[in-house]
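Asks: got a predicted structure here, sequence first:
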Amino acid sequence: MTTAIVHERRQLTGLAYRLLGSLADAEDVVQEAFGRWYALSAPQREAIESPGAWLTTVAGRICLDLLGSARVRRERYVGEWLPEPVPEDPLGDPADRVALAESVTVAFLVVLDAMTPAERVAFVLHDVFGYPFAEVAAVLDRSAAACRQLASTARRRVRPVPPPSRGSAAVVRAFKEAWEAKDIDGLLGLLDPDATVTADGGGLAAAVPHPVEGGERVARYAVGLATRVSGMTLTETAVNGRPGLVARQEGVVVAVIAFDVAGDAIRRVWAVRNPEKLRRW
């Protein structure tokens, strides 16, 4: 029984990360869920037919509470809020890492964040993890029909996230090179005319307070930033399973940058500068 419970940790972490957009918070949720499990008496644990379903229900309810309080905290958040980016760690224990898939890209997590807490829980549990609405209902304390409607409403908000094209990494590499060269024309050739940049400093690092919109404005903003900031180096890396960049100054990670690439054009750029979200990098 104990071995089976431990094997649930990875899935629970992936679930909580998708619900909360923070791996640190997700790990706290999983720890709390396991704490409640081990607080049960041995007869109580033995009486639970499906420990995995029990843990999922508990973790889902904790996340639901946190999502409600997060909306209040966001009102006090300085600037734009972005999900915590997850690095790839080939040396890490796979059982302790979030499974990277299309449902964990930054683009997808940003869409999830626009949903109500109940919509988000219903959608992620059913559409991403495949839980039947009867089990979703146990988490949300609503009828299965109500949960089905929540998921349907959430589904209409989601733009399908296509798999990364073979050229995505090349587009990000070209963006890096043009940015380093302060080449506005080169950047313009890579940016969608309606491209946007959103940065998250959380009041702890300098960041543009509102999204920069329009390809030309984005290109000029990038060049201006490269001109003002000295000693910054850029490295290509995977950010939540997609090609991205890590910016360092004096060896310290100061930004993790994710991209939404469609064909050969960059549509959206997300730059996480909040140092509390960069500890894993």
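Replies: Everything's here; your move.

Asks: OK, contacts around the closest residue to Arg61 other than its chain neighbours?
Replies: Of all residues not flanking Arg61 in the chain, Val139 sits nearest, at 5.8 Å (CB to CB, 6 or more residues apart in numbering). (Glycine included, C-beta is placed from N, CA and C.) Going by CB atoms under 8 Å, 6 or more residues apart in numbering, Val139 touches Thr56, Thr57, Gly60, Arg61, Leu64, Val121, Leu125.

Asks: go on, Val272?
Replies: So Val272 contacts Leu82, Glu84, Pro85, Ala199, Asp200, Ala255, Val256, Ile257, Ala258, Leu278 (CB under 8 Å, 6+ apart).

Asks: okay, now the domains of the chain?
Replies: Following automatic domain parsing, the chain resolves into domains at 2-155, 168-277.

Asks: dump the ones you listed to a markdown table, plus mean pLDDT.
Replies: Rendered in a markdown table, the data for the domains of the chain read as follows (pLDDT from 0 to 100):
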| stretch | mean pLDDT |
| --- | --- |
| domain 2-155 | 87 |
| domain 168-277 | 95 |
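
Asks: now Ser152: which helix or strand?
Replies: If you go by DSSP states H and E, Ser152 is part of helix 144-155.

Asks: and that helix, how far from the chain's centre?
Replies: Taking CA atoms, centre = their mean, to the nearest Å, one finds the center of helix 144-155 at 22 Å from the center of the full chain.

Asks: so where do the helices sit in the protein?
Replies: Applying DSSP state H to the chain gives helices spanning 2-6, 9-20, 23-39, 42-47, 51-74, 106-113, 117-123, 133-140, 144-155, 168-180, 184-188, 215-228.

Asks: and Ala114, how far is that from Arg120?
Replies: Ala114 sits 9 Å away from Arg120, going by CB to CB, to the nearest Å.

Asks: give me the more crowded residue out of those two.
Replies: Higher neighbour count among Ala114 and Arg120: Arg120, with 25 against 11, using other CB atoms under 10 Å.

Asks: got the contact list for the closest residue to that one other than its chain neighbours?
Replies: Using CB to CB, 6+ apart and skipping the chain neighbours, the partner closest in space to Arg120 is Leu112 (5.4 Å). Taking CB under 8 Å, 6+ apart, we find Leu112 in contact with Arg18, Leu19, Gly21, Arg120, Phe123, Val124.

Asks: how far away is Leu112 from Val106?
Replies: 11 Å.

Asks: over to Thr13?
Replies: From Thr13 to Val106 the distance is 18 Å (CB to CB).

Asks: before we move on, what about Asp183?
Replies: For Asp183, the distance to Val106 (CB to CB) stands at 25 Å.

Asks: the two: which is more packed in?
Replies: Applying other CB under 10 Å to Asp183 and Val106 shows that Val106 carries more neighbours, namely 29 against 18.

Asks: surely that one touches Asn240?
Replies: Yes: counting by CB atoms under 8 Å, Val106 touches Asn240, with 5.2 Å between them.

Asks: okay, and the common contacts of these two?
Replies: Pro85, Ala258.

Asks: now Ser143, what are its backbone angles?
Replies: Reported as degrees, to the nearest 10, the phi and psi values for Ser143 are phi -70, psi 160.

Asks: which residues touch it?
Replies: Counting by CB under 8 Å, 6+ apart, Ser143 has contacts Ala137.

Asks: now do the one 5 residues further on
Replies: If a contact means CB under 8 Å, 6+ apart, then Arg148 has Ala122, Phe133 as its contacts.

Asks: would you mind measuring from it to Val139?
Replies: Arg148 is 14 Å from Val139, where distance means CB to CB.

Asks: wait, Trp281 touches Val256, no?
Replies: Yes: in this structure Trp281 lies within contact range of Val256 using CB under 8 Å: 5.9 Å.

Asks: okay, those two: which has more neighbours?
Replies: For Trp281 versus Val256, the count of surrounding residues by other CB under 10 Å is larger for Val256: 28 against 18.
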